[in-house]
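*Asks:* Sequence and predicted model, in that order:
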Amino acid sequence: MNTASKPTNLVGIFDSGVGGLSVLHEIHTLLPSQPLLYVADQAHVPYGKRQLSEIRDFSFAITQYMLDAGAVLIVVACNTASAAALKELRIAFPNIPFVGMEPAVKPASQQTKNGIVGVLATPATFQGELYATLVERFAQDVQILTSTLPGLVEEIEDARLDCPAARSILEKAIHPMVAQGADTIVLGCTHYPFVLPLIRKIAGSGVNVIDPAPAIARRIKSLLQQYGLEDSTAMPANIAFATSGDAGRFKTTIQKLLGIQTEPMQLYWDDVLIKIS
């Protein structure tokens, strides 16, 4: 990104892949004039199978790249990266507002009628201190059922949102939860909102499914206002996309998931540093 053309109120958003696009969509809907930069670390997707220390290293490198690009607020649009790195990122960059993702255990505990809640997330999210803290603080009187949905992130990365494989993965996770009485299901991965219609169909009309992305967008708007960084012009936002994976494939997926025609920037890993081609 050309330094001379850096916007002064750029919001940086990153994820291991395309999942965080669900968060970007909500942000852009709420803040249509806000400049956005989205980084997909598709060279390392999915994060959910990796060690927390490794995810932390990726998160720090991506954060530094976005700060160098001019970001004034950073959204860790990945539950796994938030679990692995959010606390440390806030310590390392105290002057930068960070917004992370966390499973919506608190609202689920408040909304459940029978006290049985299902949480869909990656193994690394469940292993993180953040999830354990949420359960300890807000779910003492709630029965939590969990599933890691192996393989679903890969299906969504290829924009296969209602294929037999995705349906089978979701059925194996959701049917047992519903059979055990879950009346509320939490989406604990930013990829999962892209299959929200399928999740609701499998779970049935009697199950409340919570997508945290709209609440995250509202939090970002509040922070931008607090720091005087909200772009209130009527001009459409400049949204830049970058990937450490295949830029052509990412371009196609963005078109399928968001309906946006764009030319993503190609990024490369060199040790822990990201360099633009």
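*Replies:* Here it is on my side, so go on. Numbering: from 1, shown residues only.
*Asks:* What segments of the protein are strands?
*Replies:* For the chain, strands defined by DSSP state E occupy the ranges 10-15, 36-40, 71-76, 98-100, 116-120, 143-147, 184-187, 208-210, 239-243, 265-270, 273-276.
*Asks:* could those strands be laid out in JSON lines, adding distance to residue 63, mean pLDDT and mean neighbour count?
*Replies:* All C-beta spots, glycine's among them, are computed from the backbone N, C-alpha and C. JSON lines is the format used below for the strands of the chain (distance: least, C-beta to C-beta, whole Å; pLDDT from 0 to 100; neighbours: other C-beta atoms under 10 Å):
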{"stretch": "strand 10-15", "distance to residue 63": "8", "mean pLDDT": "97", "mean neighbour count": "27"}
{"stretch": "strand 36-40", "distance to residue 63": "9", "mean pLDDT": "97", "mean neighbour count": "26"}
{"stretch": "strand 71-76", "distance to residue 63": "6", "mean pLDDT": "98", "mean neighbour count": "25"}
{"stretch": "strand 98-100", "distance to residue 63": "8", "mean pLDDT": "97", "mean neighbour count": "20"}
{"stretch": "strand 116-120", "distance to residue 63": "26", "mean pLDDT": "98", "mean neighbour count": "25"}
{"stretch": "strand 143-147", "distance to residue 63": "29", "mean pLDDT": "96", "mean neighbour count": "18"}
{"stretch": "strand 184-187", "distance to residue 63": "24", "mean pLDDT": "97", "mean neighbour count": "26"}
{"stretch": "strand 208-210", "distance to residue 63": "27", "mean pLDDT": "98", "mean neighbour count": "18"}
{"stretch": "strand 239-243", "distance to residue 63": "14", "mean pLDDT": "96", "mean neighbour count": "22"}
{"stretch": "strand 265-270", "distance to residue 63": "14", "mean pLDDT": "93", "mean neighbour count": "14"}
{"stretch": "strand 273-276", "distance to residue 63": "10", "mean pLDDT": "72", "mean neighbour count": "13"}
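*Asks:* could you dump those to TSV with distance to residue 61?
*Replies:* Shown next, in TSV, are the strands of the chain (distance: least, C-beta to C-beta, whole Å):
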stretch	distance to residue 61
strand 10-15	10
strand 36-40	10
strand 71-76	13
strand 98-100	15
strand 116-120	28
strand 143-147	30
strand 184-187	27
strand 208-210	31
strand 239-243	13
strand 265-270	8
strand 273-276	6
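*Asks:* Which residue ranges make up each domain of the protein?
*Replies:* As given by automatic domain parsing, the domain ranges for the chain are 3-101+214-276, 105-211.
*Asks:* First-to-last residue distance for the last one?
*Replies:* Pointing back at domain 105-211 there. Using C-alpha to C-alpha, to the nearest Å, the end-to-end distance of domain 105-211 comes to 11 Å.
*Asks:* need the helices for the stretch 51-200 of the chain, in chain order.
*Replies:* 52-68, 79-92, 105-111, 123-127, 129-138, 152-157, 164-179, 196-203 (DSSP state H, counting those that start in this stretch).
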